[in-house]
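Asks: this one's sequence-less:
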């Protein structure tokens, strides 16, 4: 956060989405994931928050993403799911440069750096994989 703020970048925290139905899903992994989402939602450590989990979660089967957003393998999204996640980020705020931190339990942290140009309504995006102190 400190390094991002030093560069004038605000940090948007993104909750971890569900992946029930995938062979890697277990109740134990779900139990680890939810406290991480709670920190993202409620601890105020980010400049803003995008609740991807609430956006794409199936309300009838809460450990899965909505069928209409599922690419078929359960952790990855189709175009409608990706659009719903993009829509969860408030671009009407004063954010112009920001980083969305997304991660999966047991995997390297993954994030996306965005540059928003309101005049042209263009967003430049790049993926950032952070491992062992390098970015």
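Replies: Done, it's in. Here the structure is a predicted model, which means the values were calculated and not measured.

Asks: other residues contacting the longest helix that the chain contains?
Replies: The longest helix of the chain (DSSP state H) is helix 27-42. Contact partners of helix 27-42, identified using C-beta atoms under 8 Å, 6 or more residues apart in numbering, comprise 13-16, 18, 20, 45-46, 49, 51, 53, 63, 103, 105-106. Quick note: C-beta positions are derived from backbone N, CA and C, even for glycine.

Asks: 6 Å - rerun?
Replies: For helix 27-42, contacts defined as C-beta atoms under 6 Å, 6 or more residues apart in numbering pick out 13, 15, 16, 53, 63, 105.

Asks: and residue 48, bridged to which residues?
Replies: Beta-bridge pairing of residue 48, defined through DSSP bridges, involves residue 12.

Asks: just checking, it touches residue 14?
Replies: No: counting by C-beta atoms under 6 Å, residue 48 stays clear of residue 14, with 9.9 Å between them.

Asks: higher neighbour count, those two?
Replies: Neighbours were counted for residue 48 and for residue 14 using other C-beta atoms under 10 Å; residue 14 has more, 26 against 16.

Asks: for the chain, name the helix or strand with the lowest mean pLDDT.
Replies: Lowest by mean pLDDT, DSSP states H and E among the helices and strands of the chain is strand 122-129, with a mean of 48.

Asks: that concludes my questions; thank you for your assistance.
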